[in-house]
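Trainee: Whatever this is, show me its structure:
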Amino acid sequence: MDLKIESDIIDICLFSDSGSQIRNLIPFITRFFLRSLIKLESLGSLQWYGLFTHEGRMIAFCMIGTINPHAVFLYNVAVVPEQRHRGVGTQLMNQLLSHFPHQIVYLFVNKTNHPAFQLYRHFGFTTTTTSYVPPPGEICMERHGTSSDLI
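Mentor: Residues are numbered from 1 along each chain as shown. The predicted structure is shown next:
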């Protein structure tokens, strides 16, 4: 997420003459744009990320494991219950995938978790049976960058 763009939007909305017509967008901006993905910790090949509100409350979490320079594995994607179905998972994935634009991203998803499955499909993940064997009750999915994105 580009904090410069966010601050420019807020500046226009609050302080410019042209912003006087769009001040009613402040709740929208607060809800959807003032969230930051922060790398919490790294340990070896594992990296933990949290998505935080502008008040500093973590509302989503995930972990990435580096497989090799060309591939990562996405673990433990979670959104706090009261923030589900509000676009938080979408924002988490948008920001997270922007950190790994050239890598293949793998993940497991529970077969009964239809909202998560649809979210991953939205971001171009497809089911695979050739890469990794998922635990019972789960599906392995992968997302490849375009050929021009691959290193």
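Trainee: Helices of this protein, start to end?
Mentor: 3-15, 26-32, 88-98, 114-122 (DSSP state H).
Trainee: lowest-confidence stretch among these?
Mentor: Note on the helices of the chain: helix 26-32 shows the lowest mean pLDDT, a mean of 43.
Trainee: the longest strand in the chain is where?
Mentor: Taking DSSP state E as the criterion, the chain has its longest strand at strand 58-68.
Trainee: tell me the angle it makes with helix 88-98.
Mentor: 30 degrees (axes from the mean of the first three to the mean of the last three Cα atoms, to 10 degrees).
Trainee: For strand 58-68, name the packing helices and strands.
Mentor: In terms of contacts (3 or more Cβ pairs under 8 Å, 6 or more residues apart in numbering; DSSP states H and E), strand 58-68 is packed against strand 46-52, strand 71-79, helix 88-98. Heads up, the C-betas are built off the backbone N, CA and C, glycines and all.
Trainee: can you tell me the distance between the two ends of stretch 79-99?
Mentor: Stretch 79-99 has an end-to-end distance of 19 Å (criterion: Cα to Cα, to the nearest Å).
Trainee: low pLDDT regions in the chain?
Mentor: Applying pLDDT under 70 to the chain flags the ranges 1-35, 146-151.
Trainee: and if we set it to 80?
Mentor: Where the chain drops to pLDDT under 80, the residues are 1-42, 130-132, 145-151.
Trainee: okay, now the domains of it?
Mentor: 1-34, 36-143 (automatic domain parsing).
Trainee: Does residue 145 touch residue 101 like I think?
Mentor: Yes: counting by Cβ atoms under 8 Å, residue 145 does reach residue 101; the two are 6.3 Å apart.
Trainee: Residue 80: what's its closest spatial neighbour, skipping adjacent residues?
Mentor: Of all residues beyond its chain neighbours, the one nearest residue 80 is residue 59 (5.2 Å), with distances taken as Cβ to Cβ, 6 or more residues apart in numbering.
Trainee: How much space separates that neighbour from residue 121?
Mentor: Per Cβ to Cβ, to the nearest Å, residue 59 is found 22 Å from residue 121.
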